[in-house]
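>>> here's my sequence, what's the structure:
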Amino acid sequence: MDNLQHFAVMLIAMLYSSVGHGGATGYLAIMSFWGVAPDVMATTALTLNCLTAGISSLAYGRRGYLSMKLSLPFILISIPFAYLGATVPLTEKQFGWMLAAVLFVSALMLWFHRGKVDTEEPFVKSPDLKVAAIAGAILGFVSGALGIGGGVFLSPLIILCGWADSKTTAGCSALFIVLNSFAGLGARYLSGRVDFSEIVPFLFFALVGALIGSYYGASRSSQKGLRQLIAFVLIIAVVKMLI
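Residues are numbered from 1 along each chain as shown. Coordinates of the predicted model:
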């Protein structure tokens, strides 16, 4: 792995952790540039998700931006579906097209996502259980199948529905990502589709990026520029994959 890849991994970890995300879509985008095999991509992305989102969850949680009342309805449904999704074997072509679609939608949601400003007091409302169940099932399955955590979809949903402020949303999304990523890894391990051959060089740089990003995100205000930068990276990855 060269210096450019090192920097890209650290940057993705820093940017994503600052908004309470694990960075799987970013890691998958980076690996797609270098033609990494699907099982290696999924295993690496899920593992780095656990690391990055775990640090982000702790950073937001320590500042009081983590609500189990908001998180649990999504988590309880998503975990079994994440496990189920990870057991579905995809061909390289199916994985590529599905990943391109997820990256494209993720980019759009990040670009147009609007959060509440930090001058507002933190708040939490109980989510609609039907919406939480449907969203949790869909996000869990997609998370397991592709090796992502689903937080990039969950965050806009929570804010759009007015269930929490932006920082509480980030904290809850981070926990959601960690648990779904562990479920996906467990299913892949039991089905013999875990490949850690590319993970070691990523770990240190993801750790450094996550520590910087989570500290910044939990103590700063506007995340618009960061989200749009991530969206730009994802769009480039989609174009590359389609070509």
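>>> alpha carbons only for contacts and neighbour counts from here, please
OK.
>>> and the next element down the chain from the helix or strand where residue 96 lies?
Remark: residue 96 resides in helix 92-112, with elements defined by DSSP states H and E. Moving toward the C-terminus from helix 92-112, the next helix or strand (DSSP H and E) is helix 129-146.
>>> so which elements touch that next one?
Counting contacts by 3 or more C-alpha pairs under 8 Å, 6 or more residues apart in numbering; DSSP states H and E, the secondary-structure elements packed against helix 129-146 are helix 68-86, helix 92-112, helix 151-160, helix 166-190.
>>> among the ones you listed, which is the most enclosed?
helix 166-190 (a mean of 28; mean count of other C-alpha atoms under 10 Å).
>>> now for that one, which elements pack on it?
By 3+ C-alpha pairs under 8 Å, 6+ apart, helix 166-190 packs against helix 38-62, helix 68-86, helix 129-146, helix 151-160.
>>> closest one to residue 51 among the helices and strands packed on helix 129-146?
helix 166-190 (8.0 Å; C-alpha to C-alpha).
>>> quick check: residue 22 touching residue 44?
No - Residue 22 lies out of contact with residue 44 (C-alpha atoms under 8 Å); the separation is 11.9 Å.
>>> the bottom helix or strand of the chain by mean pLDDT?
Least confident element among the helices and strands of the chain, by mean pLDDT, DSSP states H and E: helix 224-242 (a mean of 63).
>>> ok, back up a step: which other helices and strands does the helix holding residue 96 contact?
helix 24-33, helix 129-146, helix 151-160, helix 224-242.
>>> quick revisit: looking at the helices and strands packed on helix 129-146, spot the one closest to residue 59.
Evaluated over the helices and strands packed on helix 129-146, closeness to residue 59 peaks at helix 166-190, with 8.1 Å, by C-alpha to C-alpha.
>>> low pLDDT regions in this structure?
1, 110, 113-121, 220-234, 236-238, 240-243 (pLDDT under 70).
>>> for residue 90, helix, strand, or coil?
Counting by DSSP: H, G, I helix; E, B strand; the rest coil, the backbone at residue 90 sits in coil.
>>> just give me the neighbour total for the nearest residue to it once chain neighbours are set aside.
Spatial nearest neighbour of residue 90, chain neighbours left out: residue 145 (7.9 Å); criterion: C-alpha to C-alpha, 6 or more residues apart in numbering. By the criterion of other C-alpha atoms under 10 Å, residue 145 has 25 neighbours.
>>> quick one: closest of the helices and strands packed on helix 166-190 to residue 30.
Here helix 38-62 is closest among the helices and strands packed on helix 166-190 (C-alpha to C-alpha), at 9.6 Å.
>>> from the contact counts, what lies against that closest one?
So helix 38-62, by 3+ C-alpha pairs under 8 Å, 6+ apart, packs with helix 3-18, helix 24-33, helix 166-190, helix 200-219.
>>> one more time with 6 Å
Applying 3 or more C-alpha pairs under 6 Å, 6 or more residues apart in numbering; DSSP states H and E, we find helix 38-62 packed against helix 24-33, helix 166-190, helix 200-219.
>>> if we can go back for a sec, look at residue 22 and residue 44 and report which has more neighbours.
residue 22 (41 against 26).
>>> could you check how far that one is from residue 166?
For residue 22, the distance to residue 166 equals 16 Å [C-alpha to C-alpha, to the nearest Å].
>>> one step back: can you put the helices and strands packed on helix 166-190 in a markdown table and add distance to residue 219?
Conversion of the helices and strands packed on helix 166-190 to a markdown table gives the following (distance: least, C-alpha to C-alpha, whole Å):
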| stretch | distance to residue 219 |
| --- | --- |
| helix 38-62 | 9 |
| helix 68-86 | 21 |
| helix 129-146 | 28 |
| helix 151-160 | 18 |
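>>> quick one, which of the ones you listed is nearest to residue 93?
Between the helices and strands packed on helix 166-190, helix 38-62 lies closest to residue 93; by C-alpha to C-alpha that is 9.6 Å.
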